[in-house]
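1. Sequence and predicted model, in that order:
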Amino acid sequence: MSTRASVIVIAEDNPSYRQLMKIVMETMGYTVVAAENGQVAVSETLQNTPGIAVFDICMPVMSGLDAARQIRATMGDSAPFLIAFSALGTRRLNLVRNAGVFDAVFYKTKDVSEIQSMIRAAHDGAERERPALR
């Protein structure tokens, strides 16, 4: 069985981007649990207790923001390091950042090296004490 730190939940409604993220993370040595919407992401996060969860913001059924809020409310301090990623413009990403639910917010990219850097930074952040959430 994988350790918590090596498990990542990724929530992305675009199947091709979800597959890209899955492949990149698996090549980095992570066990990836993929979800197609926020509702499935909440269920998978509660069931698999990952060290990191990466959520797209705009998804059907339940948004990544609502999923992260539910995970924080349910898991409290044992919640994984939560990352938002989206192709939203800077202004909307700042609104997500200011919501105080995510530990990190990134702009969505297809550049493999940028995805790897994002995950490495999250992994490093997950191993340090997190700043207080609003």
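-> On my side now, so go ahead. Numbers count the residues shown, from 1 in each chain.
2. and the closest residue to Ser86 other than its chain neighbours, how many neighbours?
-> Once flanking residues are discounted, Ser86 sits nearest to Ile57: 4.0 Å by CB to CB, 6 or more residues apart in numbering. For every residue, glycine as well, the C-beta is placed using N, CA and C. Neighbourhood size, Ile57 [other CB atoms under 10 Å]: 24.
3. How about Ile10?
-> Ile10 sits with 27 neighbouring residues when counted by other CB under 10 Å.
4. For the helix or strand containing Phe85, the averaged confidence score.
-> Element membership for Phe85 (DSSP states H and E) is strand 81-86. The pLDDT scores in strand 81-86 average 84.
5. Let me know the next secondary structure element after the helix or strand encompassing Thr45.
-> Following DSSP H and E, one finds Thr45 within helix 38-48. Past helix 38-48, further along toward the C-terminus, the next helix or strand under DSSP H and E is strand 52-56.
6. Pull the residues that contact that next one.
-> 7-14, 21, 30, 38, 41, 45, 64-65, 67-68, 71, 80-86, 102, 108, 119, 122-123, 126 (CB atoms under 8 Å, 6 or more residues apart in numbering).
7. and the very next helix or strand once past it, what does it pack onto?
-> Sequence-wise, the next helix or strand downstream of strand 52-56 (DSSP H and E) is helix 64-75. The contact analysis (3 or more CB pairs under 8 Å, 6 or more residues apart in numbering; DSSP states H and E) places helix 64-75 against helix 38-48, strand 52-56, strand 81-86.
8. between the longest one and helix 64-75, how many degrees?
-> Okay, so that is helix 38-48. 30 degrees (axes from the mean of the first three to the mean of the last three CA atoms, to 10 degrees).
9. Just give me how far helix 38-48 sits from the chain centre.
-> Using CA atoms, centre = their mean, to the nearest Å, the mean C-alpha position of helix 38-48 is found 11 Å from that of the whole chain.
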